[in-house]
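1. the following block contains a protein sequence and its predicted model.
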Amino acid sequence: MTVSPPSAAQTAGPTGDPTVPGYDAVLLAGFGGPEGPDDVMPFLRNVTRGRGIPDERLVEVSHHYQALGGRSPINEQNRNLQAALQAELDVPVLWGNRNWAPYLADVVGQAHTDGQVRLLGVATSAYSSYSSCRQYREDFGMALHSTDLVGRVRIDKVRPYFDRPGFRAPFVDGTAAAIASARAAGVAVPELQIVFTTHSIPTTMADTSGSAELGDHGSGGAYVAQHLAVAAAVIDEVAARVGEVPAWQLAYQSRSGPPSVPWLEPDVNDVITALAQAGTRGVIVVPIGFVSDHVEVIWDLDREAADTAQAAGLFFARVGTPGTDPRFVAELVALIRERLAGPDGSAGGLAGAIRRPDFCASRCCVNARVTRPTTAAVDSAADWQGLDVDGERLAASGIPGVCATSP
Ligand SMILES: CC1=C(CCC(=O)O)c2cc3nc(cc4[nH]c(cc5[nH]c(cc1n2)c(C)c5CCC(=O)O)c(CCC(=O)O)c4C)C(CCC(=O)O)=C3C
Ligand SMILES: [Fe+2]
């Protein structure tokens, strides 16, 4: 079926003009996770459909989920975040996922039935990159496409919020507390190292994260720059509180993909091993790439990285993620309220050009492998032009049955 390309006004939805303020509901967009052992393989196939992830990797990851009882805590964490946001907001707060029920398409269809046609999306991911930002905008586009609601429902998105102090505050608290517990365990600050972590992504995805127009592309792109900025800001705030702080670096975790494809390095486990060899006595791992303690955190860090540290004889502490910390919830509420009042009404966040616009720039975080309809960017209408969603253009890119939002 060929998608009839909507005009810019149609993509903007019932209000016609994407700069007209006002939303009928907030739509929290999550990654999704399995709820029981039988869900694990179907969930992993949803995540990796058409992405060239080797089968051995899927089997290995399925063991992590099975060892945790066949379920991820992520859906419950997102339900809790939904409830915490709802407690502060008058508009309804809906929740849907990319990879598991409740699927975004079903939630958007229900919203339309309920008369909610102007939705403000909030992704459970703080940074710019294809996986962490644009793919959520594609999820919105695919949800509109598969429910036949293109031009009848509008879905905008709150910009990446990595730079906001309420996102950082829980990491600052946790890092200061971890330094205190290391000292109590007899490891002095100069013997400690702070390792900030985030999800590794292919280097090509990193290099094209953010927008060429905004000067983001090349050498790790907006994705790496944003993490380095957050890490530096956390360190400054910890230093203001505790004085002397350990040396720090940024490392990556949870790599998938075949070894032939370069992903961001170094891996957190390699960093820990090398630090031990260089005489470091303790590591504090701070997962600034994640908003809740889901499987990438509790398996890849609390099990694997902790084991690596233990084998090397190091003190190890892993700092908690924002979750439903009141400061994080308040920060999201502030971002949502600003958008309810109108776009670009906000200040705050880290200084300079690093702040993201409310509507993503042209071709922001574009993925060369596939073109899907998006929402919430200045060029979203153009993303639909000539797009044959089930047919040739996507088949040529090797992605069959592209409407994966609701299998
Ligand atoms: C940037 C990023 C974030 C952070 C931003 C965000 O939160 O969105 C993130 C989060 C998450 N990733 C998660 C799980 C998985 N990610 C995978 C695979 C991949 N992740 C990627 C990137 C990211 N992932 C990429 C480039 C791939 C390769 C395949 C592809 O190009 O898409 C795979 C496949 C198996 C494997 O290889 O590990 C799984 C199971 C879970 C859920 C955990 C739970 O269930 O509790 C969460 C929150
Ligand atoms: Fe992932």
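-> Thanks, I have the structure now. Ligands and ions are numbered 1, 2, ... in the order given.
2. so the closest residue to ligand 1 within the stretch 151-300 of the chain, which state does it fall into?
-> Going by CB to the nearest ligand atom, ligand 1 is nearest to residue 256 of the stretch 151-300 of the chain, at 2.4 Å. Placement of C-beta: from N, CA and C, glycine included. What DSSP: H, G, I helix; E, B strand; the rest coil gives for residue 256 is coil.
3. residue 339 too?
-> Secondary structure, three-state DSSP: residue 339 is helix.
4. pLDDT score for it?
-> At residue 339, the model reports a pLDDT of 87.
5. let me know how buried it is, in neighbour terms.
-> Per other CB atoms under 10 Å, the neighbour tally for residue 339 reads 23.
6. and the strands in the stretch 101-250 of the chain?
-> Per DSSP state E, counting those that start in this stretch, the stretch 101-250 of the chain carries strands over the ranges 118-123, 154-157, 192-199, 247-253.
7. got JSON lines for those strands, with distance to residue 273 too?
-> Output for those, formatted as JSON lines (distance: least, CB to CB, whole Å):
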{"stretch": "strand 118-123", "distance to residue 273": "33"}
{"stretch": "strand 154-157", "distance to residue 273": "39"}
{"stretch": "strand 192-199", "distance to residue 273": "12"}
{"stretch": "strand 247-253", "distance to residue 273": "11"}
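8. just send the ones you listed back as CSV, with mean neighbour count too.
-> Converted to CSV, those look like this (neighbours: other CB atoms under 10 Å):
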stretch, mean neighbour count
strand 118-123, 24
strand 154-157, 26
strand 192-199, 26
strand 247-253, 20
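9. make CSV from those and add distance to ligand 1 to it.
-> Output for those, formatted as CSV (distance: least, CB to the nearest ligand atom, whole Å):
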stretch, distance to ligand 1
strand 118-123, 7
strand 154-157, 13
strand 192-199, 4
strand 247-253, 10
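10. any chance of the ones you listed in CSV, with mean pLDDT too?
-> Below are the strands of the stretch 101-250 of the chain laid out as CSV (pLDDT from 0 to 100):
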stretch, mean pLDDT
strand 118-123, 96
strand 154-157, 93
strand 192-199, 98
strand 247-253, 98
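11. for residue 282, find the nearest of the ones you listed.
-> Distance to residue 282, taken as CB to CB, is lowest for strand 192-199 among the strands of the stretch 101-250 of the chain, at 4.7 Å.
12. give me the distance from the closest one to the chain's centre.
-> Distance, stretch centre to chain centre, for strand 192-199: 18 Å (CA atoms, centre = their mean, to the nearest Å).
13. that strand versus strand 247-253: what angle between them?
-> Counting by axes from the mean of the first three to the mean of the last three CA atoms, to 10 degrees, strand 192-199 lies at 30 degrees to strand 247-253.
14. just checking, what packs against strand 192-199?
-> Applying 3 or more CB pairs under 8 Å, 6 or more residues apart in numbering; DSSP states H and E, we find strand 192-199 packed against helix 165-184, helix 221-242, strand 247-253, helix 268-277, strand 282-286.
15. now the following helix or strand past the last one: mean pLDDT?
-> Looking back up the chat, that one is strand 282-286. With elements assigned by DSSP states H and E, the helix or strand that comes after strand 282-286 is helix 295-298. In this model, helix 295-298 has a mean pLDDT of 97.
16. put the alpha carbons of helix 295-298 into PDB.
-> The C-alpha coordinates for helix 295-298 follow below in PDB (Å, rounded to 0.1, in the frame of the first residue of the first chain):
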ATOM      1  CA  VAL A 295      17.700  -5.000  32.200                       C
ATOM      2  CA  GLU A 296      20.600  -3.200  30.500                       C
ATOM      3  CA  VAL A 297      21.400  -1.800  34.000                       C
ATOM      4  CA  ILE A 298      20.600  -4.700  36.300                       C
END
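17. OK, contacts around residue 180?
-> residue 242 (CB atoms under 8 Å, 6 or more residues apart in numbering).
18. pLDDT score for it?
-> On the pLDDT scale, residue 180 gets 98.
19. also residue 342?
-> Confidence at residue 342, expressed as pLDDT, is 65.
20. and residue 7, by the same measure?
-> 44.
21. re the thing from before, pick the most deeply packed of the helices and strands packed on strand 192-199.
-> Burial of the helices and strands packed on strand 192-199 is given as mean neighbour count (mean count of other CB atoms under 10 Å); strand 282-286 ranks first at a mean of 27.
22. related to what we said a few turns ago, for the strands of the stretch 101-250 of the chain, which one sits closest to residue 285?
-> strand 192-199 (5.2 Å).
23. residues touching the closest one, excluding its own?
-> By CB under 8 Å, 6+ apart, the residues outside strand 192-199 that reach it are 127, 131-132, 175, 179, 182, 227, 230-231, 234-235, 245-254, 268, 271-272, 275, 280-290, 296, 301, 305, 315.
24. residues touching residue 241, list them.
-> Contacts of residue 241 (CB under 8 Å, 6+ apart): 172, 176.
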